[in-house]
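S.K.: this is a predicted model, with the sequence first.
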Amino acid sequence: MRHSRVQNVLKAIGAGSILMVVAAAPASAHVGLGAVHTFSQGFLHPMSGIDHIIAMVAVGFFAMNVGGAGRWLVPTAFVAAMMFGGWLGYEGWPLPMVEQGIGLSVVALSLAVAVGVRPPTVIAMAAVGLFAVFHGHAHGNEGAGLGFAFLPYAAGFVVATALLHISGMASSVCLDQLKPSLALALKRATGVIGAVAGASLLLGLMS
């Protein structure tokens, strides 16, 4: 009974997550604009960038593909590496090709969902961790020089990122309730759409 309730909750979250991502389609790419002082500003910022939304949701899908302990270790690795990258940016450490790295993460993670790759957990953690450093650095750099005033914003950003991961995981569970062939087709379509969006960001076709 308890397992059934959990599954129903995940289905509901998954359905809402799919709608959320579709609704976010008009969102702009990461631009690093706006105030960076409050928790709410940090929480809402990821929701306004289609690059971050797609990449974070893709991490959730990818984690479910990895399976086992990877379902939680992969998103955790992303959040941890993103925080590290954020610290680098906050401290002013340079990182080359940050925006390109973010765009590439959208393409690579989306393709991983489309293809349905299932690497060993350690490799999956390392891959998402590498991309996470770019995402973290871009936003950590926004708080350079702000001191402790930046911490509430950073906390909100981390929480929103984790929730987007969970949304991707829940969406994957939701799709898995369908016929296997249909679920696979929808996951592949989701991955392809994300990859096309990422390629558009890299090529400057989407702003």
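M.R.: All right, it came through fine.
S.K.: average model confidence for stretch 107-119?
M.R.: Stretch 107-119 shows a mean pLDDT of 95.
S.K.: which SSE is the residue most central in space within the chain in?
M.R.: The centroid of the chain falls nearest to residue 56 when counting by Cα atoms, centre = their mean (0.9 Å). Using DSSP states H and E, residue 56 sits within helix 50-66.
S.K.: and that helix, what does it pack against?
M.R.: With contacts defined as 3 or more Cβ pairs under 8 Å, 6 or more residues apart in numbering; DSSP states H and E, helix 50-66 has these neighbours: helix 2-23, helix 70-90, helix 98-115, helix 121-140, helix 151-175, helix 180-202. Using the backbone N, CA and C atoms, a C-beta is placed for each residue, glycine as well.
S.K.: shaky segments in the chain?
M.R.: For the chain, residues meeting the criterion pLDDT under 70 lie at 1-36, 205-207.
S.K.: mind checking how far the residue lying closest to residue 175 once chain neighbours are set aside is from residue 148?
M.R.: Spatial nearest neighbour of residue 175, chain neighbours left out: residue 183 (4.5 Å); criterion: Cβ to Cβ, 6 or more residues apart in numbering. Relative to residue 148, residue 183 is positioned 46 Å away (Cβ to Cβ, to the nearest Å).
S.K.: which one's more surrounded, the two?
M.R.: For residue 183 and residue 148, the more surrounded residue by other Cβ atoms under 10 Å is residue 183, and the numbers stand at 15 against 7.
S.K.: go ahead and confirm that one touches residue 173.
M.R.: No. Under the criterion of Cβ atoms under 8 Å, residue 183 makes no contact with residue 173, lying 10.2 Å away.
S.K.: and residue 50, how many neighbours does it have?
M.R.: For residue 50, using other Cβ under 10 Å, the count is 23.
S.K.: so it makes contact with residue 197?
M.R.: Yes. Using Cβ under 8 Å, residue 50 makes contact with residue 197 at a distance of 6.4 Å.
S.K.: enumerate every residue touching residue 127.
M.R.: By Cβ atoms under 8 Å, 6 or more residues apart in numbering, the contact list for residue 127 reads 108, 119.
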